[in-house]
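Undergrad: generate a structure from the sequence data that follows.
(chains A, B and C)
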Amino acid sequence: MNGTKPKRVYFYGTCLVDLFFPDAGMAGIQLLRRAGVEVVFPEGQTCCGQPAFNCGYWEEARDVARTQVALFPEDLPVILPSGSCAGMMKVHYPELFHGQPEEAKVRAFSARVYELTQFLVDVLDVKLQDLGEPVKVTWHSSCHAVRDLGLKGEPQSLIGQLSNVELAPLTREYECCGFGGTFSVRHPEVSGAMVADKIADATATGASVVLSTDGGCLMNVNGALEAKNGKLKVQHIAEFLWERTRAR
Amino acid sequence: MSDARNAILGRLRASGESGDLPALDTAVLERRQWPAAQRPALLRKGMEAVHTEFLEATPNDWPAVIRAFCEREGLKNLLYGPASEAGAALAAAWPAGGTELKPYDRPIEAFKDELFHGVDGGFTGTIGGVAETGSLLLLPGPAEPRLMSLVPPIHIALLRASTIHDTFWSAVKTLGWGRALPPNALMISGPSKTADIEQTLAYGVHGPKRLIVVLVNDLA
Amino acid sequence: MHAENEIHFRDAAAKALLDPQLRANFRRAMDGLIAKRRAQFPDPRDLQDLRDLSTAIRSRSLLCLPELLEQLEASCAKNGIKVHWAETCEQANELILGLLQARGAKTMVKGKSMVSEEMHLNAFLEKHGIEALESDLGEYIIQQDGETPSHIIMPAIHKNKDQIARQFAQKIKDAKYTEDVDELTAMARKVLREKFLNADAGLSGVNFAVAETGTLCLVENEGNGRMSTHVPPIHIAVMGLEKVVARLEDVAPLYAILTRSATGQPVSTYFNLITGPRGEGEKDGPQEVHLVILDNGRSRIYADPQLRATLRCIRCGACMNHCPVYTRVGGHAYEAIYPGPIGKILTPQMEGVGVRHDLIHGSSLCGACGEVCPVEIPIPEILVRLRREATHEDMGSNVAGKGTGRTATEDWAWRLWAGVSKRPGLYRIATWFATRFGKALPASAPLIKNWTQSRTKPVPARRSLSERMRTEGVPHE
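TA: Modelled structure (predicted):
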C-alpha cells in the first residue's frame, strides 16, 4: 500500500463470525468505515476452506476456495476479522494451489489479505478515543495470527490506545487454547484440558473480559467458561473496540 | 553386510534431487569476538556458573598453587602424565612427602582397579579454552590418557589465558581440528552433572565431582 | 475402512490426563525448560541467524547424503573405525550381537542412544544372554523400572523424586530411602561405576558424524557417554543415516543451537570427539570402535522432497518442550519411540500413516513446535501433508500406509461440506436453518457430544452476518 491509505476494501466475514459472531463482523466493518474506508461485502461468502485443508482433503478445500477467491476480483485489500482464516487465505492458499492452473491468480489474491487489527494498525494507523468505563481485560493471541500471519502486537497496541482499559497479560499468552478445528472433537479430552488451563489462566488475571481476534478461539473459550459458569465474558476485539469508541 | 550398504546408498542415490547447496552465512558466529584480555573473565563466568572452581596462578608459581590445593584438600595422591609437558613440569617442582604424584604409565588393563578405587585426583594440561561458553579443550593421548580427566573424583586442569579462543567454532578453525584429529579430542565445561531427577542439578554423577581450573595469567 | 491395528492416541492421552501427578511433573519441567531456552537467546536476530545457518547446514548434508556417507565410511576406515550398514533394526541387532558374541562379551554398558531404543536393542540382547545396562541416570532409572523414555533428552522426566526414592530403596542393594537428589545420584554412581569398570563392551549413539575427518561427536553432561566409549575394550556406536555432516566446523553451530534449544544450556559438560580406537602409545581407550549406520525407513523419508525435512532433526526435544499437547499428556501416551511433535511426524512415516492416523490428528496445529525448531522443520505443514497421505492413496508418493486411514464417513462428510460450501445458494439455506433451528440440535449428537464434554453447545446467532448485510446493507452510522 506504500503509505497511501486505500479508499475501498473488501470484507470477508468468515464462517464462524458469520454464524456465531455477526456483531463482531458488523463492528469490524464500522471500524474500517470510521477510518474513512469504503467497505465492500460481496455476497456468496461461505468458508475459506481451512477445515478440509487441515484434515487433508485438499481437493474439497480447493473447490470451495476457488469460489471464494472469485468473489474478490478487484485489486483491493481483503480484510478478515480472524487470524486463522486470514492465515489460511494469505499463507496456505498458495500451498493449496501450488501447481494448479490458477496459482498465479490465487497468489495475487493472497497478497491482498489482511487480518483486521493488522490492517487497522499497519495500514490505516487508526487512532482510537476511549469513551467507555474503566475495565480490565486480557488478550488471547490466536496461534495462527501470530505464527502463520506474523502479527506482532497490533491487537495489543489497539487495546493500549484505550485510556480506560487495563490489559492484564495471560501467564501463557502464546499457548494454544485447544481449539484446533476438528482437533477439538477428534481429541476432546486433550483439547478440553487445554481450554480448561486457558480459562484458569484468564480468570487468574482478574480481568472481566477475554479478547481475541479468532472465531474458533472465542467459541472454544466461551463454551468452556459457560460450562463452568465462569463470570468472565468473551468478546471479539472488533466488537470491544467499536463499543468503547462509538459515539453514543 | 555390503548388501545393506549398497541397497541403502542405491536408494538414497535414486532419490537424489541434487539441488543447489544453500549458502552458509556464518556472520552470527563471526560476531562473537572479544579482546584477548576479556576472554579469561568470560570463560571463568561461564564455568563458575556450573560449579567449576578456579585457582589463579602465574607462569612460575602454578605447580606450587596446585601443591597447596592438594595439601589443603588432603589429597592422598594426584594422577599425572609424566610424558606431557605440564605433567613433567609439575613433577619437576613437586616436593617429596604429602600428596603423592602418581604417574599414569601403564595400559588401563593393568591399572583399572587402582584408577577406579585408589586415585583422589587427576591433573591434565589443556590445549586451550573457549571464552563464549566457558570450556576447556583437551587432546587426550599417549602423554595424557583419556580417563585421567574422567575417573578420579577431582580433575585439575591447567589453562593458560593466552590460549583461550572466542568460540568453539573459531577454535576448530584456528587449531585445524577440521583437517585431522587424534583418536580422542574433548571439550569440558564443568564437573560431571545431571538434572535427570526432577530437573534438580546434581554434580559428580559419573565423572569428576569437582573441576579445578588453574588459570595461568600469561597475557603480556 | 480403518487401518488394521490402528493405535489410538486419543485413548492413551485421555488416560494420561487423569494422572494429576504426571501432569504436574510435565508442566513444571516444560515451563522450566521453556524459560531456560528463552534466556539463552536474548537477541532474536542472533537466534534467527543461527537457526538459518543450522538449517542450511543440515539441508546441505541431506542434499549430499549418499556422498557424505561414503566419505564418512572411508574416513572412518582410515582412522580404524569399522563401519557397518543395516537396513532394518533386525539387521542392526544381529550385527551388534555378532560383534559381541565373537568377543565373548556378556555385559555391555550404554550411553544414551535413541536409535538403540528404536531397535529395542536391550530386549534383544537380554534374550541372547547379554546384559545391556543403561548408564545415563534417567535411562538407568526407567530401565530399572521396566519403562521406556518419556522424553528424548530427559527420559525419566515423568517421575518425581519421591517415586525415584521409593524405587531405589526397593531395587538397589543396601540402599536406604532418601529423597535427597545428591544422595540418590550418589547411589546410582556407586552401582554404575562398578559396571563401567567390568563391562565387556560399551555402546553409544552419535550426535553428529563428520564425513571429512571420520569423527563421531557425542554430547553429554554426565560423563557416562565417555565412560561407555572409553573404558570397555570395545565401543559400538549406532546412528541413523541422517546424522552425517560434511565438516567439523559445521558441527560448531549445530552443537551451539542443540544444547541451547534442548535444555537451555550454552554448552554441555562434555563434547567428546571420537576419531578412532586406542592409538599408538595410548594407555586407554577401546581396542576397537565400530559404527553401525541404520536406515529403518529413513531412505524412504529421504525420497520425498517435502518429507525429507524430517531428517534435518538434531533431536533437541525443543518441540516437545513447547508442545501444549505433550506438556499435558507426557511422552508415554504417544506409544512411540519418539514422542511429541517430531514423533508425530516421524512415527507415522516409519510405521504407516493409517496405523497412526489418530496420532497425526492429535495436534491443534498451533505451530509452537515449528516456531522453536532449531533447524526449521515445518512440523505443522508436514502433519497436514501426512493427513492427506493417510486418506489419499493417489498422491504419487511412497509414504508408508498411504490411503489406509480413509473412512467412508469422513470422505462423505468432506464431500458434503464442499458440496454445500461451494454453492452459496445452498450455503445460505443451510445457514438459515442453523440460525433458526441450530439451538434445537441435541448436545448428544455425534461430534457435538465430544465438544460438549468440556463446553456448552455453541448457539448460532439469530441472523447471520451475511443475512444482515443482505437486508441492511453495509452499515452507515
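
Undergrad: need the strands for the stretch 1-150 of chain C, in chain order.
TA: C:81-86, C:107-110, C:131-134 (DSSP state E, counting those that start in this stretch).

Undergrad: just say which of the ones you listed is most tucked in.
TA: By mean neighbour count, with neighbours taken as mean count of other Cβ atoms under 10 Å in any protein chain shown, strand C:107-110 ranks first of these at a mean of 24. In short, each C-beta sits where N, CA and C put it, glycine included.

Undergrad: list the contacts of that one.
TA: Outside strand C:107-110, the residues that touch it by Cβ atoms under 8 Å, 6 or more residues apart in numbering or on different chains are C:100, C:116, C:122, C:125, C:130-136, C:139, C:192, C:195-196, C:198-204, C:224, C:227-228, C:231-232.

Undergrad: PyMOL command for the buried members of those residues?
TA: To isolate in PyMOL the members of the contacts of strand C:107-110 that are buried, counting by 16 or more other Cβ atoms under 10 Å in any protein chain shown, one can use:
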select buried, chain C and resi 100+116+122+125+130+132+133+134+135+136+139+192+195+196+199+200+201+202+203+204+224+227+228+231+232
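
Undergrad: what's the spacing between B:P145 and A:G150?
TA: The span separating B:P145 from A:G150 equals 54 Å under the rule Cβ to Cβ, to the nearest Å.

Undergrad: so between those two, which is more surrounded?
TA: Comparing B:P145 with A:G150 by other Cβ atoms under 10 Å in any protein chain shown, the one with more neighbours is B:P145, at 31 against 12.

Undergrad: now do the same contact list for C:R470.
TA: For C:R470, the contacting residues are A:E43, by Cβ under 8 Å, 6+ apart.

Undergrad: so where does it fall, helix or strand?
TA: helix C:465-472 (DSSP states H and E).

Undergrad: avg pLDDT for that helix?
TA: Model confidence over helix C:465-472, given as mean pLDDT, is 94.

Undergrad: list the buried residues in that helix.
TA: Of all the residues in helix C:465-472, those buried under the rule 16+ other Cβ under 10 Å are C:465-469.

Undergrad: adding distance to C:G285, write those residues out as CSV.
TA: Compiled in CSV, the buried residues of helix C:465-472 are given as follows (distance: Cβ to Cβ, whole Å):
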residue, distance to C:G285
C:L465, 73
C:S466, 75
C:E467, 79
C:R468, 79
C:M469, 78
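
Undergrad: those: which ones sit near chain A?
TA: Contacts with chain A are made by C:465-466, C:468-469 out of the buried residues of helix C:465-472, judged by Cβ under 8 Å from any Cβ of the partner chain.

Undergrad: in what helix or strand does the residue lying closest to A:G56 once chain neighbours are set aside lie?
TA: Once flanking residues are discounted, A:G56 sits nearest to C:R387: 3.3 Å by Cβ to Cβ, 6 or more residues apart in numbering or on different chains. C:R387 is part of helix C:379-391 when elements are defined by DSSP H and E.

Undergrad: name the residues of the very next helix or strand once past that helix that come out as buried.
TA: Next helix or strand after helix C:379-391 toward the C-terminus (DSSP H and E): helix C:408-421. By neighbour count with 16+ other Cβ under 10 Å, helix C:408-421 contains the buried residues C:410, C:413-414, C:417-418, C:420-421.

Undergrad: okay, the closest residue in space to C:D46 that isn't next to it in sequence and C:A123: tell me how far apart.
TA: Distances taken as Cβ to Cβ, 6+ apart place B:V28 nearest to C:D46, at 5.7 Å, with adjacent residues excluded. If you measure B:V28 against C:A123 using Cβ to Cβ, the figure is 43 Å.

Undergrad: higher neighbour count, these two?
TA: Of the pair B:V28 and C:A123, B:V28 is the one with more neighbours under other Cβ under 10 Å, namely 21 against 10.
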